[in-house]
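>>> structure for the following, please:
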Amino acid sequence: ICDYHTLRTQLLKFIAVVPALTHDNSGITLKNSYIETANNISKSFEKMPVYIKPFFKISEIISLLIPSKYFKSFVEFNISYIAKRFICTEDKVGAGKIIKNLHLTGRNCTFDQLGELVICQAEADEYCRKILDLINSPELFESATKLNQANIPSHHISIKTSALTPHFNEDPEAFDFVYQDIKPRFLQLFSAAEKYKTYLNFDAEHYHYRELTINLIFYFLEEHKQFNYFSSFGFVVQAYLKDSHLHLEKLLKKAKKRAHAIPLRLVKGAYWDAETIDAKAKNYESPQFLNKVETDIQYRHLVHVILK
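You can find the predicted model right below:
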């Protein structure tokens, strides 16, 4: 799917609109949306494997014959099934079962508590509480080995730093204010992670928050010497950013100052659309590469630097 622009964009647009149509009990709007999607793909001028366009043309005809209500149920069931690979459950009991099944196949995972850019202290406290609850639940990962193949704890939690304070502001002049607000939550998280031997993965977010996230965490660690030998934390590096090689160099320098290695998760990037739209709207040069080839080249370069 990812190799064909029309197929990718049309299907993702359709999937994105489905949650907004839950009010449509008749299923007519959802059905019409799919018919439009299938029609756009089948009539596309883009070169694709010979079976794709006929497949969507036939699926368009079949969807016309199926009652809208049943078609809606069929689509929602399939999308929900796929979504469970990424958004596993709303409770820890269900999550534990999914994690155990993943471990049985020899795979590992990270727990990512959904949330980003809170607007009040109560929301930041609630997000922190949910993360602490996951850290304080080592039984969720009891089916895994203590350390995974990368020699880091299998009890692995991903954190959005921007959700830990309502004052997440990249302005350098606001740094002290932001730090004072987020510091108590950092202290709770790092203390709990050390106690329960949990790995904290600080997610990459929007480009403008990247440096603030790194600076806040290392400033906190420098101030709290009790965590000098706490090594179970790391960061995400996004290869689609043009200056990601400079960001990697900065992290490598930070790692050399500590008495342990800092794990890095190298990804190609997840905010491409948002970053591109924001750059166009505010009339500045996009911080990310605008085509996949450049991203792939940068990714291979960063792999080489890390392995070296």
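>>> any low-confidence regions in the chain?
1-2, 84-90, 143 (pLDDT under 70).
>>> check contacts around the residue nearest the centre of the chain.
Nearest to the geometric centre of the chain sits residue 270, at 6.6 Å (Cα atoms, centre = their mean). Going by Cβ atoms under 8 Å, 6 or more residues apart in numbering, residue 270 touches 204, 238. (C-beta placed from N, C-alpha, C; glycine too.)
>>> may I have the secondary structure class of it?
Look at residue 270: counting by DSSP: H, G, I helix; E, B strand; the rest coil, its state is coil.
>>> also residue 46?
Counting by three-state DSSP, the backbone at residue 46 sits in coil.
>>> okay, now the residue lying closest to it once chain neighbours are set aside: neighbour count?
Leaving aside its sequence neighbours, residue 46 sits nearest to residue 6 (Cβ to Cβ, 6 or more residues apart in numbering; 4.6 Å). Around residue 6 there are 17 other residues, counting by other Cβ atoms under 10 Å.
>>> for residue 6, helix, strand, or coil?
Here residue 6 is recorded as helix under three-state DSSP.
>>> pretty sure it contacts residue 41?
Yes. Counting by Cβ atoms under 8 Å, residue 6 does reach residue 41; the two are 6.1 Å apart.
>>> helices or strands up against the helix or strand residue 253 falls within?
Assessed by DSSP states H and E, residue 253 sits inside helix 244-257. The contact analysis (3 or more Cβ pairs under 8 Å, 6 or more residues apart in numbering; DSSP states H and E) places helix 244-257 against helix 207-223, strand 233-238, helix 292-307.
>>> so of those, which one's packed in deepest?
Comparing the helices and strands packed on helix 244-257 by mean neighbour count (mean count of other Cβ atoms under 10 Å), strand 233-238 ranks first with a mean of 22.
>>> packing partners for the helix or strand residue 123 falls within?
According to DSSP H and E, residue 123 maps onto helix 121-135. When contacts are defined as 3+ Cβ pairs under 8 Å, 6+ apart, helix 121-135 sits against strand 156-159, helix 175-196.
>>> need the winner for burial among the ones you listed.
Comparing the helices and strands packed on helix 121-135 by mean neighbour count (mean count of other Cβ under 10 Å), strand 156-159 ranks first with a mean of 23.
>>> distance-wise, check residue 128 relative to residue 187.
Counting by Cβ to Cβ, to the nearest Å, the gap from residue 128 to residue 187 is 10 Å.
>>> er, residue 246 I mean
Residue 246 sits at a distance of 30 Å from residue 187 (criterion: Cβ to Cβ).
>>> what distance separates the start and the end of stretch 108-123?
Terminal residues of stretch 108-123 are spaced 29 Å apart (Cα to Cα, to the nearest Å).
>>> likewise stretch 102-116?
End-to-end distance for stretch 102-116, by Cα to Cα: 26 Å.
>>> next: stretch 136-147.
17 Å.
>>> next, the buried residues of stretch 109-123.
By neighbour count with 16 or more other Cβ atoms under 10 Å, stretch 109-123 contains the buried residues 109, 111-113, 115, 118.
>>> kindly reformat the residues you listed as a markdown table containing distance to residue 92.
Shown next, in a markdown table, are these (distance: Cβ to Cβ, whole Å):
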| residue | distance to residue 92 |
| --- | --- |
| 109 | 14 |
| 111 | 10 |
| 112 | 14 |
| 113 | 11 |
| 115 | 16 |
| 118 | 22 |
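>>> residue 303 - nearest residue in space that isn't next to it in sequence?
residue 266 is the one closest to residue 303 (Cβ to Cβ, 6+ apart), at 6.6 Å.
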